[in-house]
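Participant: how would this look folded up:
(one chain, ligands or ions: 1)
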Amino acid sequence: MKALTYARYGGPDVVQISDLPRPEAGAGELLIRVHASAVNTADWRLRAAAFPGIMAIPGRLMFGLTRPRNPQMGSEFAGVVEAVGDGVTRFAPGDRVFGMQPNGGASAEYIAVAEDSAVAPMPEGLSFDEAAALPFGGLCALVFLQDFANLEQGQHVLIIGASGGVGTYAVQIAKALGAEVTGVSGPDSQGFVTGLGADHVVNYRETRLADLPGGYDLVFDTVGVASPGQALGLLKPGGLFLPLNFGLREIGAALMNPLRDRKIRLEVNPDRAEDLTRLAALVAAGKLRPVIDTRFPLDEARAAHAKVETRHRQGSIILTMPEA
Ligand SMILES: NC(=O)c1ccc[n+]([C@@H]2O[C@H](COP(=O)([O-])OP(=O)(O)OC[C@H]3O[C@@H](n4cnc5c(N)ncnc54)[C@H](OP(=O)(O)O)[C@@H]3O)[C@@H](O)[C@H]2O)c1
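Facilitator: Below is the predicted model:
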């Protein structure tokens, strides 16, 4: 089978297409024929060993000190269950599924995944490309906004990076939760962010964070541009700063902060099947739609990686697999 691989860390040119043996469904596993995958921020960070903040050393310890431990790339997928291993009860051959495999291997014609990992039935009515656009940004936005921030009806959230991989879904999910949304993005994305449902848009090239009026219940920074001091200054009493990338500065601020009435919370997305099911329910309710910036065929994966690494895109970057 064709699979996206890399033998060393580096720029998009380290990305290769290799012929690998097709995996098999072991006990408790599904073999999935992948029809669409994606390239997301975690994928390019892994490829470049560009682990953010305090993850610089732990990242290499986890994923390979001098070169990648798992040469297979890709974390998001949508496809059809081809076979199931012994003991699988929740899925059957022919099921259309989507999911997230943070350890890699999803950008391939086939992937074997554990039944109890982040895999779930695809939302009704979506194409494979659309379903593959959801897991990374959708899961992160849903879990951070609803579970970690408890965002509620009528609260005002500032979403920094509102047009990106996570922000595109964060704007929609915040609106689905009934919040008032201010989205921060670049000059070319203002209309796009309004189209996602944002109530207000801010162009970061014209307006500095320090010049915003403040009074937010939640500051959700998906880019890593707000310092803790800046973000806390934008919150109303009782508000929360939720950064997606954090280093020693944010950890120090969080440790110093527990007695103050403006909070910082540092979290990592758990990537769970039950949250994929919640995403599918939002799609079914018409409250969330996949947003695709560009589709690349698998053999143009280097261009897809280069695009994601620019940190300027409007939604997900999809890799379409060769048809069987
Ligand atoms: N903690 C966790 O569990 C977790 C989970 C998932 C992701 N993450 C992290 O979250 C981050 C977000 O990923 P992503 O895929 O959403 O990133 P992304 O797609 O690269 O973000 C792009 C967004 O950032 C904006 N942007 C670019 N430069 C900017 C600047 N100088 N100032 C303000 N905004 C700027 C872009 O605006 P324009 O294009 O409009 O200019 C766009 O809205 C990643 O670093 C990822 O590692 C963490």
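Participant: How many residues are close by residue 323?
Facilitator: 6 (other C-beta atoms under 10 Å). From N, CA and C alone the C-beta is placed, and that goes for glycine too.
Participant: In contact with it, which residues?
Facilitator: residue 35 (C-beta atoms under 8 Å, 6 or more residues apart in numbering).
Participant: and the helix or strand hosting residue 45, C-alpha only, in PDB?
Facilitator: Per DSSP states H and E: residue 45 is located in helix 41-48. Presented in PDB, the C-alpha positions along helix 41-48 are these (Å, rounded to 0.1, in the frame of the first residue of the first chain):
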ATOM      1  CA  THR A  41      -0.500  21.400  12.800                       C
ATOM      2  CA  ALA A  42       0.500  18.300  14.900                       C
ATOM      3  CA  ASP A  43       1.600  16.600  11.700                       C
ATOM      4  CA  TRP A  44       4.000  19.400  10.600                       C
ATOM      5  CA  ARG A  45       5.300  19.800  14.100                       C
ATOM      6  CA  LEU A  46       6.100  16.100  14.300                       C
ATOM      7  CA  ARG A  47       7.700  16.200  10.800                       C
ATOM      8  CA  ALA A  48       9.900  19.200  11.800                       C
END
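Participant: show me where pLDDT drops low in this structure?
Facilitator: 258-259, 324 (pLDDT under 70).
Participant: Regarding this structure, what is its longest strand?
Facilitator: For the chain, the longest strand by residue count, based on DSSP state E, is strand 29-39.
Participant: Now do that one against helix 41-48, angle only.
Facilitator: Per axes from the mean of the first three to the mean of the last three C-alpha atoms, to 10 degrees, the angle that strand 29-39 makes with helix 41-48 is 90 degrees.
Participant: and strand 29-39, what does it pack onto?
Facilitator: Judged by 3 or more C-beta pairs under 8 Å, 6 or more residues apart in numbering; DSSP states H and E, the packing partners of strand 29-39 are strand 76-84, strand 110-114, helix 128-132, helix 301-309, strand 316-320.
Participant: Spatially central residue in the protein, please.
Facilitator: residue 136 (2.5 Å; C-alpha atoms, centre = their mean).
Participant: Would you mind naming what in the protein lies close to the ligand?
Facilitator: Contact residues, the chain versus the ligand (C-beta under 6 Å from any ligand atom): 40-42, 45, 52, 140, 160-167, 184-186, 189, 204, 222-223, 225, 244-245, 268-269, 311-313.
Participant: List the ones among the residues you listed that fall in strands.
Facilitator: Using DSSP E, these in strands are 160, 184-185.
Participant: In JSON lines, list the residues you listed along with neighbour count.
Facilitator: Formatted as JSON lines, those follow (neighbours: other C-beta atoms under 10 Å):
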{"residue": "160", "neighbour count": "26"}
{"residue": "184", "neighbour count": "29"}
{"residue": "185", "neighbour count": "28"}
